[in-house]
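**Student:** The following comprises the amino acid sequence and a computationally predicted model.
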Amino acid sequence: MAIVEIKELDLSIKKTEILKKVSVSFEQGEIHGLIGRNGSGKTMLMKCICGFIRPTSGTIRVNGREVGKDCDFPENIGIIIETPGFIPYYSGFKNLKLIADLNKKADTEQIKRAMSQVGLDPTLKRHVVKYSLGMRQRLGLAQAIMENPDILILDEPMNGLDKEGVEDMRKYLLDFKTQGKTILIASHSSEDIEVLCDTVHEMDKGVMTAIRE
Amino acid sequence: MDSRFSVSRIFRIMSVDLYKWIVNSRMVVAAAMIVFVWSFAIDLLINISKEMNSPLNFIEPFIAVFNSRTLCLVTPAVYVFLISDYPHLDRNSLFILHRVHKREWLLGQFLFFIASSFIFMSVIFIFSVIPNAINSFAANGWSLVVTRYGVYNPDKAQSFAANLITNELYNQIAPYQAAALSFLLNWLYMILLSTILLMFHVLNLRKIGVPVLISIIAIGSALGVFRSKGMWYFPMAHTMISLHFTQYLKEPIMKIEYSIMYFAGMILLILIFCLIMIGRTDFLNIDDNE
């Protein structure tokens, strides 16, 4: 069953065509890779799926609901788009608590569990401003998973992670998949794509050029 | 995202943005503005108070700040500078955005503007009133410094200090009412300016928001200085109580109630427009500064 369905998606910004007639479906319970050079439209496609940008034409349905029509932003998704950003002078836990309090889907225990799952100490009082890039990336992932979403949308989630961090992240994502969850991941690393993905979608200049199983 | 509309989410969005705004390094400009306002207006009033050996009413420096035709340009311009990158979209905002409704986010931003402008006004109030409070008196009457300086010193009657609070003001309205109305009207002015900024964001025309605001402030102030009738189309004139009255006639040129209605009506109209249009808004401009 397709959990994300994109039909005839066009996106133009200031008369520049960013996405051209993109049609693709992402099946539930699989890891889908998005590859392509910088500027190929991967991040923009992800932002469209998340509802941050309205496409010029075409439709995006997530869990059967049309983004921008049936809902402002898709429900039950976790995201990391580009480098995750946090309030610098709050601890990691306090940052996540602040976000979780918005819709109260994750309680304190779930936040702590999510932080532990990605290898962060929830009791650490250190401010995020003093976190390394890898720690911020892990905190970003904890933010994405703490509410137990159906879909994870991850743009370059391995950025800034050391070898051990990459291994942990891969392990976690594969584990997440076994729970029947769907992951959409954009990465420049061919190794990540090889190891993780069930399907690979290649983009070039805003066009979906190839799909590999 | 919870499908129900939530007031508590709106307050949470506001509080996150308010925190980010307060700890922003550009707040140093607000401190510089206070020093400027102090030395440009309040210090002058204190000096003529010393010269006359007569105390000021404690509230008069605040009234002077918001009724001076020079400073009326400075305070809103500084506030616009402080909110110029709002609605602020950093990488943290994405995590908040996708957990709320667009309308909740919009109302959270509106609430942030109400709160930030109130804080801005309160800081000016505190810093204009407190430092000279012990040398002042508290009563609902104007001081001799304001009402008689020009009479006792005709050679200085046209000086900047002597004209900070003009006779259109002290002949027509008591100081407490003048202070309360100055606070209210200027607060509404800043809410209106920020709501206009919000509208340009909603329309995906973020870059032209600040130039439009600066134009509104500059043109409104210029028309106010020359007392052109066109000044009433701009918000600035509505904030200055002295412009509402003539020197001696009781009948006002513009009723204060109309000015309040002007602000409330404009803010409400723009807000409703934004609520209708928010569905079309893109969240494209993500600032890199965390």
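**Tutor:** In hand now; what should we look at? Numbers count the residues shown, from 1 in each chain, chains lettered A, B, ... in the order given.
**Student:** going forward, measure contacts and count neighbours with C-alpha atoms only.
**Tutor:** OK.
**Student:** list the contacts for the nearest residue to A:Glu147 once chain neighbours are set aside?
**Tutor:** With C-alpha to C-alpha, 6 or more residues apart in numbering or on different chains as the criterion, A:Glu147 has its nearest non-adjacent residue at 5.1 Å, and that residue is A:Ala106. Going by C-alpha atoms under 8 Å, 6 or more residues apart in numbering or on different chains, A:Ala106 touches A:100, A:146-147.
**Student:** can you check A:Ile31 too?
**Tutor:** If you count contacts by C-alpha under 8 Å, 6+ apart, A:Ile31 has them with A:177, A:182-185, A:196-199.
**Student:** Looking at the residues you listed, which are in helices?
**Tutor:** The helices, defined by DSSP state H, take in A:177, A:196 from the contacts of A:Ile31.
**Student:** Most neighbours among the contacts of A:Ile31, which one is it?
**Tutor:** A:Ile183 (28 neighbours; other C-alpha atoms under 10 Å in any protein chain shown).
**Student:** Surely that one is in contact with A:Asp155?
**Tutor:** No: using C-alpha atoms under 8 Å, A:Ile183 is not in contact with A:Asp155; the gap is 10.7 Å.
**Student:** before we move on, back to that, quick check, nearest of the contacts of A:Ala106 to chain B?
**Tutor:** Of all the contacts of A:Ala106, A:Ala100 has the smallest distance to chain B: 8.7 Å, by C-alpha to the nearest C-alpha.
**Student:** So that closest one: helix, strand or coil?
**Tutor:** At A:Ala100 the chain is in helix, as set by DSSP: H, G, I helix; E, B strand; the rest coil.
**Student:** what's the closest non-adjacent residue to it?
**Tutor:** Leaving aside its chain neighbours, A:Ala100 sits nearest to A:Ala106 (5.7 Å; criterion: C-alpha to C-alpha, 6+ apart).
**Student:** Enumerate every residue touching B:Glu60.
**Tutor:** For B:Glu60, the contact set (C-alpha under 8 Å, 6+ apart) comprises B:142, B:175, B:179.
**Student:** Neighbour count and distance to A:Ser40 added to these, as CSV?
**Tutor:** Below are the contacts of B:Glu60 laid out as CSV (neighbours: other C-alpha atoms under 10 Å in any protein chain shown; distance: C-alpha to C-alpha, whole Å):
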residue, neighbour count, distance to A:Ser40
B:Trp142, 22, 69
B:Pro175, 21, 64
B:Ala179, 22, 58
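**Student:** Let me know the closest of the residues you listed to chain A.
**Tutor:** Distance to chain A across the contacts of B:Glu60 (C-alpha to the nearest C-alpha) is lowest for B:Ala179, with 37.1 Å.
**Student:** Which helix or which strand is home to the closest one?
**Tutor:** In the assignment (DSSP states H and E), B:Ala179 maps to helix B:175-202.
**Student:** how about the helices in chain A?
**Tutor:** Under the criterion DSSP H, helices of chain A are mapped to A:42-50, A:92-103, A:108-117, A:133-145, A:163-178, A:190-196.
**Student:** my bad, should have said the stretch 101-250 of chain B
**Tutor:** Ranges of helices in the stretch 101-250 of chain B, per DSSP state H, counting those that start in this stretch, are B:102-129, B:144-152, B:167-170, B:175-202, B:206-225, B:235-239.
**Student:** Please work out which of the ones you listed is packed deepest.
**Tutor:** With neighbours taken as mean count of other C-alpha atoms under 10 Å in any protein chain shown, the helices of the stretch 101-250 of chain B reach their highest mean count in helix B:235-239, at a mean of 27.
**Student:** got the angle for the helix or strand just after that one vs helix B:175-202?
**Tutor:** Going down the chain from helix B:235-239, the next helix or strand is helix B:256-277, by DSSP H and E. Relative orientation of helix B:256-277 and helix B:175-202, computed by axes from the mean of the first three to the mean of the last three C-alpha atoms, to 10 degrees: 20 degrees.
**Student:** helices or strands up against helix B:256-277?
**Tutor:** Counting contacts by 3 or more C-alpha pairs under 8 Å, 6 or more residues apart in numbering or on different chains; DSSP states H and E, helix B:256-277 packs against helix B:102-129, helix B:175-202, helix B:235-239.
**Student:** can you list contacts of the shortest one?
**Tutor:** Counting by C-alpha under 8 Å, 6+ apart, the neighbours of helix B:235-239 from elsewhere in the structure are B:66, B:72, B:182, B:185-186, B:189, B:216-217, B:220-221, B:224, B:231-232, B:243-244, B:256, B:259-260, B:263.
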